[in-house]
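Asker: here are the coordinates; sequence isn't available:
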């Protein structure tokens, strides 16, 4: 157990730092978009606003990291500069493809969460224009500063209300 912890300690530390940064970014941006600044948009979209923006921040971070483990020049430079360091640090550079795959799986996870949240956003924006599925407050927010003559909508991209009977026929 002692040799395993000594050999794998740096790898485990790097993975926990990476997971911690992902958790921090997700939590921070979820908290930001649940704040009072986005009250009206959150009234239209519900919790899906924060659930779309938080994984988007994690996607930005992981898409930044995805290419670093496979940059050949960077790896060669780090191997050369770590010649005076221990073999544990150089050994981590040989596990670059494993980290690359882990980042790819994290990108896939956050892409799925982000896409599903946007599907809920569309559903709630369409429902906000409907008199049957929404309250008066959401209907008023959906019509805020709309310019029907130009076909422009500002908060809600759905241009006109729909009736359930027209969808079923």
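Answerer: Thanks, I have it. Just so you know, these numbers come straight off a predicted model, no measurement behind them.
Asker: Where does pLDDT dip in the chain?
Answerer: Counting by pLDDT under 70, the ranges of the chain that qualify are 1-2, 4-7, 78-79, 81-94, 128-169.
Asker: how about the helices in it?
Answerer: Assigned by DSSP state H, the chain shows helices spanning 2-33, 39-45, 48-65, 72-81, 87-93, 96-129, 136-142, 164-168.
Asker: So for the second one, what gets flagged as buried?
Answerer: Going back to what we said before, that points to helix 39-45. Buried residues in helix 39-45, counted by 16 or more other CB atoms under 10 Å: 42-45. Quick note: C-beta positions are derived from backbone N, CA and C, even for glycine.
Asker: Just send the residues you listed back as CSV, with distance to residue 112 too.
Answerer: Below are the buried residues of helix 39-45 laid out as CSV (distance: CB to CB, whole Å):
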residue, distance to residue 112
42, 22
43, 26
44, 23
45, 19
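Asker: and of the residues you listed, the nearest to residue 70?
Answerer: Within the buried residues of helix 39-45, proximity to residue 70 (CB to CB) peaks at residue 45, which comes in at 36.9 Å.
Asker: So that closest one sits against residue 121, correct?
Answerer: Yes. Counting by CB atoms under 8 Å, residue 121 is a contact partner of residue 45 at 5.1 Å.
Asker: so what's the residue lying closest to residue 107 once chain neighbours are set aside up against?
Answerer: Closest residue in space to residue 107, ignoring its immediate chain neighbours: residue 62 at 4.9 Å, by CB to CB, 6 or more residues apart in numbering. By CB atoms under 8 Å, 6 or more residues apart in numbering, the contact set of residue 62 is 22, 103, 106-107, 110.
Asker: Residue 99 versus residue 62, what's the distance?
Answerer: Residue 62 is 11 Å from residue 99, where distance means CB to CB, to the nearest Å.
Asker: what does residue 18 give?
Answerer: 8 Å.
Asker: Over to residue 22?
Answerer: Distance check for residue 22 against residue 99: by CB to CB, it reads 13 Å.
Asker: next one: residue 116
Answerer: 26 Å.
Asker: Nice, that's everything, thank you.
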